[in-house]
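Novice: Return a 3D structure for these sequence lines:
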Amino acid sequence: MTRLVRRQGWVAGLLVLFVVLFVITRLIQPGYGSGDFGSLVRAVLPYAFAVAAQTIVVIAGGIDLSVGAMMALTSVTAASMMDGASEEYALFVVPFVLTMGLVLGAVNGMLIVVTRVPDIVVTLATLFVLQGAALLVLGAPGGAVAEWLRATIVGTVSIPGLPGISAWIPKALVLLVVCLCIIWIPLKRSKLGLSIYAIGSSELAAFRSGVPVARTRIIAYALSGLFAAMGGLALTMSTGIGAPIPGPYLLASVAAVVLGGVALGGGKGGLLGPIVAVFVLRLVRTDLTLLAIDPNVTAIIEGAIMVAVVMFGAFITMRSRPS
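Specialist: Predicted structure coming up:
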């Protein structure tokens, strides 16, 4: 238990912070209930997938600036394909869009590996390419989404005999947990997962240990594209339309990765911390909105919180190093 607390202490601290913020939210607005929590989870859903996409790349020692643009492109692609189509057609659209994200992510990885241009430059370039492609697909927000697909994130899960608990388990939360667990848990326990952590810790050491660095990096970016496509679908499912203009998902994903305890240098961290962190950030924004704080001041407060947490994390890391 001591080892678990030591290993997951940062995540535990974030969970405590989330609970404290939730209590503060209830004090600010006593009527804040299960329905409001469900709305929070639906709002967090696209951000959470963007954070997952960024986390895998950062653990591998890189960064992906095209996450938001990739979400926009997959969102408008899904919305335009489902516009006017039958409900059953969405069964084809979903895997197509997910495959599209996987391929686009792999292209990012291959460009980085083949050209040896820094990932921040390559993904900045693909950001503009994908953003332009999204505007070509839909020049303005529009399209549609299948009703059964939208229904998968609206409402709560029904547990017979436990209506009180059921009201606090949104379908969107269940969908998020299932999607992340299906990919992340097998990945982290696999040889590929170890290779991703290895190249993030030290690419040279990983290469000397026999890790296929180039292939591992390409797969890491491909998985990032897959999560970004999930985020694009989640955005379309939440709003009912496609959004060609990338939202604040890139900055939010980087902020949540940092707050979630993932080392920006790579090789350290996990997915749970950043996911909890994105819930914390969105709840902070909710509280500031309920308090009628100016949006510009809200941005300043969020930035100050991130700086404070990063500095605290650096202090703890320095204290834990052997002298």
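Novice: Report how many residues lie close to residue 122.
Specialist: Using other Cβ atoms under 10 Å, residue 122 is surrounded by 25 other residues. The C-beta positions use only the backbone N, C-alpha and C, and glycine is treated the same way.
Novice: What of the one 4 residues further on?
Specialist: Around residue 126 there are 22 other residues, counting by other Cβ under 10 Å.
Novice: right, and it touches residue 68 too?
Specialist: No. In terms of Cβ atoms under 8 Å, residue 126 does not count as a neighbour of residue 68; the distance is 11.4 Å.
Novice: Quick one: neighbours of the closest residue to residue 232 other than its chain neighbours, just the number.
Specialist: Using Cβ to Cβ, 6 or more residues apart in numbering and skipping residues adjacent in sequence, the residue nearest residue 232 is residue 74, 3.1 Å away. Residues near residue 74, counting by other Cβ under 10 Å, number 30.
Novice: what's near enough to touch residue 74?
Specialist: 97, 100-101, 228-229, 231-233 (Cβ atoms under 8 Å, 6 or more residues apart in numbering).
Novice: where's it, which helix or strand?
Specialist: Per DSSP states H and E, residue 74 falls inside helix 67-82.
Novice: Then residue 49?
Specialist: Going by DSSP H and E, residue 49 is in helix 34-59.
Novice: what's the angle between that helix and helix 67-82?
Specialist: Counting by axes from the mean of the first three to the mean of the last three Cα atoms, to 10 degrees, helix 34-59 points 120 degrees away from the direction of helix 67-82.
Novice: same for helix 34-59, what does it pack against?
Specialist: Applying 3 or more Cβ pairs under 8 Å, 6 or more residues apart in numbering; DSSP states H and E, one finds that helix 34-59 contacts helix 67-82, helix 171-189, helix 191-201, helix 213-239, helix 249-259, helix 272-290.
Novice: can we see that at 6 Å?
Specialist: Helices and strands in packing contact with helix 34-59 are listed as helix 67-82, helix 171-189, helix 213-239, helix 249-259, helix 272-290; criterion 3 or more Cβ pairs under 6 Å, 6 or more residues apart in numbering; DSSP states H and E.
Novice: lowest-pLDDT helix or strand in this structure?
Specialist: Across the helices and strands of the chain, mean confidence by mean pLDDT, DSSP states H and E is lowest for helix 2-7: a mean of 59.
Novice: Tell me the helix or strand right after that helix.
Specialist: Next helix or strand after helix 2-7 toward the C-terminus (DSSP H and E): helix 9-28.
Novice: how about that next one as CSV, C-alpha atoms only?
Specialist: What follows is helix 9-28, C-alpha atoms only, in CSV (Å, rounded to 0.1, in the frame of the first residue of the first chain):
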residue,chain,number,x,y,z
GLY,A,9,0.6,10.0,-4.9
TRP,A,10,0.3,12.7,-7.6
VAL,A,11,-2.9,11.2,-9.0
ALA,A,12,-4.3,10.8,-5.5
GLY,A,13,-3.6,14.5,-4.9
LEU,A,14,-5.4,15.4,-8.0
LEU,A,15,-8.4,13.3,-7.0
VAL,A,16,-8.5,15.0,-3.6
LEU,A,17,-8.3,18.4,-5.4
PHE,A,18,-11.2,17.4,-7.6
VAL,A,19,-13.3,16.4,-4.6
VAL,A,20,-12.5,19.7,-2.9
LEU,A,21,-13.4,21.6,-6.0
PHE,A,22,-16.7,19.7,-6.3
VAL,A,23,-17.6,20.6,-2.7
ILE,A,24,-16.8,24.2,-3.5
THR,A,25,-19.0,24.0,-6.6
ARG,A,26,-21.9,22.7,-4.4
LEU,A,27,-21.3,25.6,-2.0
ILE,A,28,-21.4,28.1,-4.8
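Novice: Now do it: everything it contacts.
Specialist: In this structure, residues lying in contact with helix 9-28 by Cβ atoms under 6 Å, 6 or more residues apart in numbering are 32, 261, 272-273, 276-277, 279-280, 283, 287, 290.
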